[in-house]
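Colleague: Got a predicted model here, sequence first, then my questions.
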Amino acid sequence: MSARSSAALLPREPGVYRFRDRHGRILYLGRATDLRSRVRSYWGDLRDRRHLAGMVARIARVEAVACGSVHEAAWLERNLLEARLPAWNRSVGGAETCNYLVVDTRPRTAGVRTSHTARFDGVTCFGPYLGGARARQAVSGLHRAFPLAYTRDGLSAAERDIATRRGIGPPDRPRLAAAVVSALDGTGTGAAREALTQARDRAAAALGFELAARIQEELAAALSRV
């Protein structure tokens, strides 16, 4: 059976796939939300992946492992790429970076932000998570729902104006920090969902559809962290 034919037999589940050449050498390793659809796509219109045409011509065998979730597939892919980076992965980029979400309640630096390393210097750290863009979306959504950063000391004039209009000050720091922590540890996702849903609906009502779409992405990212 050809590699192309075997791709049609793969499950429609999240997972990790690997291509080998006729000598058994690994050409490329990737992950998919739908293994069958993703792997079959290599023998269709490559579109923005035309640089992979040379690799596709060399594929002799397809191997795949189904996973319980997209997140599990992402971690399996990352671990395998860390162990060995196939030639064609080097040509298109390696594994996604790990990111942590840091909840800082210190007066001068209060807020939520990303970090590439786990931190234990007076802050609360969650993670690791894969994908920097998704982590930054989560931070943006959490800040929109629970603006902990506006309770810190030394705000600029513009930030003080925003804090005043939102009725937020240093006394609110413990409450907002607790809300962020509960959203990230899974015990209080409802409050984050409600706050971001209301912000999205307000933007849509004001015909700010682009903002509403961005808030929807932030909502999905923030809730996927738990």
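Modeller: Right, received. Where do you want to start?
Colleague: okay, CA-based contacts and neighbour counts for the rest of this
Modeller: Will do.
Colleague: which residues touch stretch 30-39?
Modeller: Here stretch 30-39 makes contact (CA atoms under 8 Å, 6 or more residues apart in numbering) with 7-18, 64, 66, 70, 73-74, 77.
Colleague: May I see the buried residues of stretch 126-138?
Modeller: With burial defined by 16 or more other CA atoms under 10 Å, the residues of stretch 126-138 counted as buried are Phe126, Gly127, Pro128, Tyr129, Leu130, Gly132, Arg134, Ala135, Arg136, Gln137, Ala138.
Colleague: and the last one, what helix or strand is that in?
Modeller: Using DSSP states H and E, Ala138 falls within helix 132-145.
Colleague: For that helix, name the packing helices and strands.
Modeller: strand 98-104, strand 111-115, helix 189-205, helix 209-224 (3 or more CA pairs under 8 Å, 6 or more residues apart in numbering; DSSP states H and E).
Colleague: what's the average pLDDT for that helix?
Modeller: Here helix 132-145 scores 82 as its mean pLDDT.
Colleague: Give me the contacts around the helix or strand that comes right after that helix.
Modeller: Downstream of helix 132-145, the first helix or strand assigned by DSSP H and E is helix 157-165. Here helix 157-165 makes contact (CA under 8 Å, 6+ apart) with Tyr150, Thr151, Gly169.
Colleague: Going toward the C-terminus from helix 157-165, what's the next helix or strand?
Modeller: Counting by DSSP H and E, what follows helix 157-165 is helix 173-185.
Colleague: ok, the spatially most central residue of the chain to Arg18 distance?
Modeller: Centroid-nearest residue in the chain: Arg134, 3.2 Å away (criterion: CA atoms, centre = their mean). Remark: distance between Arg134 and Arg18 (CA to CA, to the nearest Å) = 25 Å.
Colleague: about what we covered before: now the buried members of the contacts of stretch 30-39.
Modeller: Buried among the contacts of stretch 30-39 (16+ other CA under 10 Å): 7, 10, 13-18, 64, 66, 70, 73-74, 77.
Colleague: just curious, which of those is nearest to Asp201?
Modeller: If you rank those by distance to Asp201 using CA to CA, Val70 comes first, at 28.5 Å.
Colleague: how about the nearest residue to that closest one, chain neighbours excluded?
Modeller: Computed as CA to CA, 6 or more residues apart in numbering, the closest residue to Val70 that is not its neighbour in sequence is Pro14, at 5.4 Å.
Colleague: Over to Thr124?
Modeller: Spatial nearest neighbour of Thr124, excluding adjacent residues (CA to CA, 6+ apart): Val103 at 5.1 Å.
Colleague: and the one you found, how many neighbours?
Modeller: Neighbourhood size, Val103 [other CA atoms under 10 Å]: 25.
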